[in-house]
Structures are given as C-alpha cells and as structure tokens.
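Asker: pasted the sequence and its predicted model underneath.
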Amino acid sequence: MELKLLLRGALAGGIGGLCAFVFARIFAEPQIQKAIDYEQGRGAAQEALDQAARLPIPGPEPETFTRAVQANVGIGVGMIVFGLAMGLLATVIYAICLGRVGAVRPRVLAMLVAGGAFVGLFLVPWLKYPANPPAVGNDDTIGTRGGLYLLMVLASLVFLGGAVWLGQRLAPRFGNWNATLLAGGAYVVACGVVMLLLPPLGHLAANVAATGSERATETPLPLRDPSGRIVYEGFPADVLATFRLYSVGAQLVLWGAFGLVFGPLAERVLAPRTAAAPTGAPDAVPA
C-alpha cells in the first residue's frame, strides 16, 4: 500500500514539476535573461572603471553550459527532479495524515496536503527570503543565505505540524472552525517571531562590508565612479518584482498539479479500504 502511494506521489510530483517548468519557461525565463543582460552590462561598466583606475582585471570565466542548455534542459530537468522529490515528501506526509485528520476524502486530503506544502515549504519562507534572479546576491553569502533559508523552511514546517496538532486538540472545545482559526493564528505568530529574529540579507557581514551600511536586501545599488557619478543603474525593480511573482506562480502550478493528479490516484489505491470502512468511520485509516 505504502509503495503504491509513493510511486503515484512521485508520478504526480514529476508531472507537477513538468507543468511548473512550462510555466517558468514561458513567464520567468525572459526575466532571467533580463537579469543576465543587466549583469553583463554592469560587469562591462565595472571593468571600464577598473581599467581607468589601473586595477587588475580578471579574465572571463569559462562557460560550462550555454544559455540555451540552461534555459531548457537545465531548468527542465531541475524542476522535474525537484517535483519528484517534493512529491515523495508530500506522499509521506499524506500517509501520516490518513485517518488522523477526521473524515476527509482521500482526494480532498491530497489537495489539503498540497496546499499545506505550498504554504509551509515555499510561501512562508519566501516571505522572509524571496527568490532572486541572477545578478541579485553576493557570492560571498551563498552559504549563509542557504543556511538561513533552510532554517526558515524547517521552522515553518515544524510550526505547521504544531498548528495541525493544536487544531485537533482545540476542536472538541471550540469547534472545527474556531479551532482552525486559533491554530492558524498561532502558526502565523510563531513564524512572524522567527522572521523577526532572523537577519535580513542586507545585514550580513559581507554585505555590510561591501556597501558600508545595513540594508534590507542584496539588490545591487547603482554603480558609481570615484566622483560619485552614477555610471550604471541599480537592478531594475520591475524585473525583480516580476521574477519573484512568477516564482510564486511556478510553485503554485507545481503543488496545484500535484494535488489534482495525486488525489484521484490515491483514491483508487485506497478505494477498497474506504469501501470496507464502517458507516460513520473516516474515509481512510492509517497505513
């Protein structure tokens, strides 16, 4: 039973990853190209300043993969593999929830798990550390940024699990609706506290050293010459905002597709057990 669910979860996750890739290829990829064009233009301007100041200029870095490969094969394979992994993770959560969250139909539970994964794994961490296109981000902070993001994901998942547990505990006393509101409020407050405690990326030591002040983000500021005159504009705000919006859209497509595909598949696997369940019993029982 568990293996059948896992295989179907992987299939649904792979389909979700494929759908997310199609969305990202159409909408997000043009923003990535704009960011790369900005990075190249800024690099040329910085090189001109270094030449004028008689500073050493590093040679061009070798290109391992062409832009065509990155924009198609690279992103496509990456998102499908990511979808497979997330599908397996969501299926494990689904199996844990079976029979423990009340009388919920298997396909409805699949959508609830997909929605919870979208919120807990992506949306809440994204609110603190949103996705950035190329050219936004200090190379010296990659490790720190990754650690902070994973910490935010872990906190979000722990608090989400705690909210589900709290809602079940409060339901007999306050009713399902009020218990859900109270548990959801506790989740929002707990995540908000963690967000306040974790530092903004602009406050990291490497960024403070590079800019001379604490800022909220790592978004590049205008490039200036020694006299203070702007020689190249800062990163375009519309490109940054559009890319981040489409990053949310891609994840929404991934998890929406997973829930829609996995729900019917899981219901078919669980149908014999559901039909055998006595009247008034939950639609599914623990695996």
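Answerer: Ah, there it is.
Asker: biggest helix in the protein by residues?
Answerer: Counting by DSSP state H, the longest helix found in the chain is helix 237-276.
Asker: where in this structure is pLDDT low?
Answerer: 1, 59-60, 63, 272-287 (pLDDT under 70).
Asker: what are the ranges of the strands in it?
Answerer: 223-224, 230-232 (DSSP state E).
Asker: now the most centrally placed residue in the chain. Nearest residue, chain neighbours left out?
Answerer: Nearest residue to the geometric centre of the chain (CA atoms, centre = their mean): F122, 3.5 Å. Closest residue to F122 apart from its sequence neighbours, by CB to CB, 6 or more residues apart in numbering: Q251 at 4.6 Å. For the C-beta atoms, the positions are set from N, CA and C on the backbone; glycine is no exception.
Asker: count of residues packed around the one you found?
Answerer: Residue neighbour count, defined by other CB atoms under 10 Å, stands at 23 for Q251.
Asker: next: V136.
Answerer: 21.
Asker: and the gap between it and P222?
Answerer: The gap separating V136 from P222 is 14 Å, by CB to CB, to the nearest Å.
Asker: with N72 instead?
Answerer: 33 Å.
Asker: swap in G146?
Answerer: From G146 to P222 the distance is 28 Å (CB to CB).
Asker: one step back: quick check: the residue nearest to the centre of the chain touching V253?
Answerer: No. With contact defined as CB atoms under 8 Å, F122 does not count as touching V253 (11.7 Å).
Asker: common neighbours of those two, please.
Answerer: Residues touching both F122 and V253 (CB atoms under 8 Å, 6 or more residues apart in numbering): there are none.
Asker: ok, and the closest non-adjacent residue to L148?
Answerer: L198 (5.9 Å).
Asker: can you pull out the helices in the stretch 1-150 of the chain?
Answerer: Under the criterion DSSP state H, counting those that start in this stretch, the stretch 1-150 of the chain contains helices at 2-23, 29-52, 67-69, 75-97, 106-117, 124-128, 142-174.
Asker: would you turn these into TSV with distance to G185 and mean neighbour count?
Answerer: TSV is the format used below for these (distance: least, CB to CB, whole Å; neighbours: other CB atoms under 10 Å):
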stretch	distance to G185	mean neighbour count
helix 2-23	30	20
helix 29-52	35	15
helix 67-69	46	11
helix 75-97	21	19
helix 106-117	16	21
helix 124-128	14	20
helix 142-174	9	16
